[in-house]
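Visitor: sharing a model prediction with you, sequence too.
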Amino acid sequence: GYYGFGNTGDEAVLAAMLQGLATHLPEAKPCVLSADPAETRKIYGVDAVQRWSLGEVWKALGQSDLVVQGGGGLIQDATSRLSPLYYLGVLRLARLRGRPTFVFAQGLGPLRSRILRRLTRTELERAAAITVRDEQSVRELEALGVRSPSPVLVADPALLLEPDLCGAEKALAGAGVDPKAPRLVLVVREWPGAEGVLIACRELAIHAACQLGLLTVVLPFQQPGDLAVSSRVAEGVPGAKVLMGNYPPTVVAGCICGADLVVAMRLHALIFAAAGAVPAIGLAYDPKVENFARRAAQTVLQLSDCSPETLISAATDVLRRHQHQGVILQSIRDRLRSDARRTFEILAEVCGLR
């Protein structure tokens, strides 16, 4: 997976996968392909090797019993054609080493390149099992012609991650935020054409402070990449704080679980909100955001539709409805978490433990 790059969402996936493995396959000894093996070993207490070293990857694959790839949106060429080539290349290397592969809760596509579509079909049809995190990925596999193994719709493993509430309180207090104060959490990122969205988020934060009694906390999900844009959104907003520092995903999840409202461009901020039954609004810069938001019954706005007026109106409506729909969010959370656990059950079946 995309591990060792300091991205909160992908690190949440890794943390949840390791947590699930400890429960469902307690004798397993994970080895992670990471861009920062030393940091991965330090944080998670597992073996890790340098993902960019062909020699280390080749050796690790040869010593494995099963190669698990995922989750996240690994095989897509919307951002780069090199990314799917890397992940398909690892699957090919595993096959050359005679090792079975397991596609774990991935978000497939979009794949526009004919060559990449053909390579994807070739490698995925040789997997022991395929699980995907959204219906769009099921349709993408059907369009690719992948018939066997039949893909199973599950949910992102980060839904199962246990939030560190004590760590979150310490992080917030360290940033000058009263952990008990009602708060709006904003999660933004740089994206082409999103400048108007950032303005809308700042206006919402001002409205939240002056009219709704909510303090704004802006959470950068990738550091240092999200720090500048997070600071711009918080600038001039009464009492707003940017949570600086590299915190583990469990702490970030804790900050979101204690929020009154989450407005986010980042997918895993919405996933943390759903896991905590917190009302949320997704800002859909990518189809994966819209796919999850709709599945979780969260409000979603396209970037082109996100003006200060529409965002404030949506936030007001979500907060009003939440007074009567808390039980519904809890029911949705339970269903999504059950779907996420299914991935580990299938993994155990592949390993002959069920």
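Guide: Sure, I can see it. Numbering: from 1, shown residues only.
Visitor: so what's the residue count around P279?
Guide: For P279, the neighbour count with other Cβ atoms under 10 Å is 25. Glycine gets a C-beta too; all of them are placed from N, C-alpha and C.
Visitor: scratch that, A35
Guide: As a measure of burial, A35 has 15 neighbours, counting by other Cβ under 10 Å.
Visitor: likewise V289?
Guide: Count around V289 with other Cβ under 10 Å applied: 23.
Visitor: so who does it touch?
Guide: Contacts for V289 (Cβ atoms under 8 Å, 6 or more residues apart in numbering) come out as M265, L267, L270, G282, L283, V300.
Visitor: what about the last one, how many neighbours?
Guide: So the one you mean is V300. Using other Cβ under 10 Å, V300 has 19 neighbouring residues.
Visitor: who's it bridged to?
Guide: Beta bridges link V300 to G282 when assigned by DSSP bridges.
Visitor: so which bits of whichever strand or helix holds R117 are buried?
Guide: Here R117 sits within helix 114-124, counting by DSSP states H and E. Of the residues in helix 114-124, L116, R117, L119, T120, R121, E123, L124 count as buried by neighbour count, 16 or more other Cβ atoms under 10 Å.
Visitor: what do you get for stretch 81-97?
Guide: For stretch 81-97, a neighbour-count test (16+ other Cβ under 10 Å) marks S83, P84, L85, Y87, L88, V90, L91, R92, L93, A94, R95, R97 as buried.
Visitor: just want the phi and psi numbers for G236.
Guide: Torsion angles at G236 (phi, psi; degrees, to the nearest 10) stand at phi 80, psi 0.
Visitor: just the pLDDT for it.
Guide: Looking at G236, its pLDDT is 94.
Visitor: which residues sit against stretch 231-251?
Guide: Outside stretch 231-251, the residues that touch it by Cβ under 8 Å, 6+ apart are 6, 8-9, 11-12, 15, 43, 158, 161-164, 167-168, 171-172, 174-177, 186, 188, 198, 201-202, 205-206, 209-210, 215-220, 223, 227, 230, 255, 268.
Visitor: those, buried ones only, as a ChimeraX selection?
Guide: ChimeraX command restricting those to the buried ones, with burial defined by 16+ other Cβ under 10 Å:
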select :6,8,9,11,12,15,43,158,161,163,164,167,168,171,172,177,186,188,198,201,202,205,206,209,215,216,217,218,219,220,230,255,268
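Visitor: can you get me a residue count around G72?
Guide: G72 has 28 neighbouring residues, counting by other Cβ under 10 Å.
Visitor: contact partners for it?
Guide: Residues in contact with G72 (Cβ under 8 Å, 6+ apart) are G1, Y2, G9, D10, V13, Q106, G107.
Visitor: same check on W52?
Guide: When the contact criterion is Cβ under 8 Å, 6+ apart, the partners of W52 are A35.
Visitor: against G258, how distant is it?
Guide: 38 Å (Cβ to Cβ, to the nearest Å).
Visitor: what ranges does this structure have for its strands?
Guide: Here the chain has its strands, by DSSP state E, at 31-34, 47-50, 67-72, 101-106, 129-132, 152-153, 183-187, 215-218, 241-242, 261-264, 280-284, 299-302.
Visitor: and which of the contacts of V289 is nearest G145?
Guide: Nearest to G145 among these is L267, at 27.1 Å by Cβ to Cβ.
Visitor: neighbours around that closest one, how many?
Guide: Other residues close to L267 by other Cβ under 10 Å number 27.
Visitor: what pLDDT does it get?
Guide: On pLDDT, L267 comes in at 97.
Visitor: pretty sure it sits against R295.
Guide: No. In this structure, L267 is not within contact of R295 by Cβ atoms under 8 Å, at 11.5 Å.
Visitor: now do the longest helix along the chain and strand 183-187, the angle between them.
Guide: Longest helix in the chain by number of residues, with DSSP state H as the criterion: helix 308-350. Interaxial angle of helix 308-350 relative to strand 183-187 (axes from the mean of the first three to the mean of the last three Cα atoms, to 10 degrees): 70 degrees.
Visitor: per-residue confidence averaged over helix 308-350?
Guide: 93.
Visitor: among the contacts of stretch 231-251, which are in helices?
Guide: Among the contacts of stretch 231-251, DSSP H puts 8-9, 11-12, 15, 43, 167-168, 171-172, 174, 198, 201-202, 205-206, 227, 230, 255, 268 in helices.
Visitor: quick check: buried residues in stretch 311-323?
Guide: Across stretch 311-323, burial judged by 16+ other Cβ under 10 Å covers L311, I312, A314, A315, T316, V318, L319, H322.
Visitor: for the closest residue in space to the fifth one that isn't next to it in sequence, give its distance to A280.
Guide: Same thing as T316. Nearest residue to T316, sequence neighbours excluded (Cβ to Cβ, 6 or more residues apart in numbering): L212, at 7.9 Å. To A280, L212 is 16 Å away according to Cβ to Cβ.
Visitor: tell me which of these two has more neighbours.
Guide: Between L212 and A280, counted using other Cβ under 10 Å, A280 has the larger neighbour count: 29 against 16.
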